[in-house]
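Enquirer: Provided below are the primary sequence and the corresponding predicted coordinates.
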Amino acid sequence: MRTHTAVVYVKLEHEGFVGWGEAALPPYLPETQKTVTDFLLSFSNSNPFNSIDDWFDKLNLDQTNLSAKAALDMALWNLKSQKENKSIEELLRIEKSDFPLGTYTIGVSSFDEMKTKVEEGTKAGFEIFKVKLNGESDTDIINDFRKLSKKPFAVDVNQGWKTVDEAKGKISFLKDKGCFLVEQPLPKDNLDEMKILKQNSLLPLYADESCQRLIDIDSLKECFDGINVKLMKCGGITEAYQMILKARELGMKVLIGCMSESSVGCTAAAHLSSLADYADLDGPYLISNDPFEGMKIDEGRIQLNPLEQQLEF
């Protein structure tokens, strides 16, 4: 179980406005606080820019350093929103609609730890859960969850199932238990097997590790019913928005997720959440030292609130 996540916050000041961004760096990502800081310093020390849009233009040329890029991208959107006195949704021409249900994540844990997490999620107002599986004790994990809660749940397999037959059997079990979607059931590059599984699955299948960026989506239509869009994977709001539009064009569902970001990163992603079917933006609820406040869960659904700094840096 991870006890902490490294993070870099980005603060941009422009004409009296302040914009915030966040690079969350779980250990399975290649970036570190140093690589993020080096990228940001090299970016800011390059040619001077005349406007926020000049920064966007240069940033969109970069195809690496995606967490660092995401942090700067969301800070720029934050600034642009304030300067033009429009919401990010208005800037992106997103029509107002209902926000989706948000999931509360339960990692692989003991029964007592799971009990605590279920109680925390329920108290926070979540109506659906996401349960992590490990491919080894999946049946026990779900049976434990069902002893503690009758609420609907998704599962994140994290590539833990190795064959189509294994996946089919476990999906049948999960459907009987009230599961409503399965995230990344097979190893990310097993797309031929995913095509077969999709044709035989009793539950919708969502890509996570198989879908990092916009360029990945075309190859996934026949393999998955939906995609998990994360700002840390794709480089920020700009590309995440394009990914959602592409998925909809192909008739695919959308889950907008996070990598245990604080309220900075999750609030940035929440600006896109009305375009999604589900949101996994529970990062602020899973950390004990969030220095900001922003999006919340209200009666199970994402509630988009303004980002407010609570602690000084």
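Expert: Everything's here; your move.

Enquirer: worst-scoring helix or strand of this protein, pLDDT-wise?
Expert: Within the chain, confidence by mean pLDDT, DSSP states H and E is lowest for helix 52-59 among all helices and strands, at a mean of 87.

Enquirer: now do the longest helix along the chain: distance to the chain's middle.
Expert: The longest helix of the chain (DSSP state H) is helix 66-84. Helix 66-84 sits 17 Å away from the centroid of its parent chain (Cα atoms, centre = their mean, to the nearest Å).

Enquirer: how about stretch 176-193?
Expert: Mean-position distance between stretch 176-193 and its chain equals 17 Å (Cα atoms, centre = their mean).

Enquirer: quick one: buried residues of it?
Expert: Within stretch 176-193, the residues scored as buried using 16 or more other Cβ atoms under 10 Å are 179, 180, 181, 182, 183, 184, 185, 186, 188, 190, 191, 193. Every residue, glycine included, has its C-beta placed from N, CA and C.

Enquirer: cool, and stretch 133-152?
Expert: Within stretch 133-152, the residues scored as buried using 16+ other Cβ under 10 Å are 133, 138, 141, 142, 144, 145, 148, 149, 151.

Enquirer: one more: stretch 28-36?
Expert: Within stretch 28-36, the residues that count as buried by 16+ other Cβ under 10 Å are 29, 31, 35, 36.

Enquirer: double-check that the third one belongs to a strand.
Expert: No: counting by DSSP: H, G, I helix; E, B strand; the rest coil, residue 35 falls outside a strand, being helix.

Enquirer: save the buried residues of stretch 176-193 as CSV, and put in pLDDT and secondary structure too.
Expert: What follows is the buried residues of stretch 176-193, written out as CSV (pLDDT from 0 to 100; DSSP: H, G, I helix; E, B strand; the rest coil):
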residue, pLDDT, secondary structure
179, 98, strand
180, 98, strand
181, 98, strand
182, 98, strand
183, 98, strand
184, 98, coil
185, 98, coil
186, 98, coil
188, 97, coil
190, 97, coil
191, 98, helix
193, 98, helix
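
Enquirer: now residue 267, nearest residue through space, not along the chain?
Expert: Using Cβ to Cβ, 6 or more residues apart in numbering and skipping residues adjacent in sequence, the residue nearest residue 267 is residue 294, 3.2 Å away.

Enquirer: for that neighbour, what are its contacts?
Expert: Taking Cβ atoms under 8 Å, 6 or more residues apart in numbering, we find residue 294 in contact with 263, 264, 266, 267, 270, 284, 305, 306, 307, 308.

Enquirer: most neighbours among these, which one?
Expert: Of all the contacts of residue 294, residue 266 has the most neighbours under the rule other Cβ atoms under 10 Å, reaching 33 neighbours.

Enquirer: and for it, nearest residue in space, chain neighbours not counted?
Expert: Among residues not flanking residue 266 along the chain, residue 281 sits closest, at 4.3 Å (Cβ to Cβ, 6+ apart).

Enquirer: mind listing the strands in this protein by residue range?
Expert: Counting by DSSP state E, the chain has these strands, from start to end: 6-14, 17-25, 101-106, 128-132, 153-156, 179-183, 205-207, 226-230, 253-257, 278-280, 292-293, 296-298, 301-303, 308-309.
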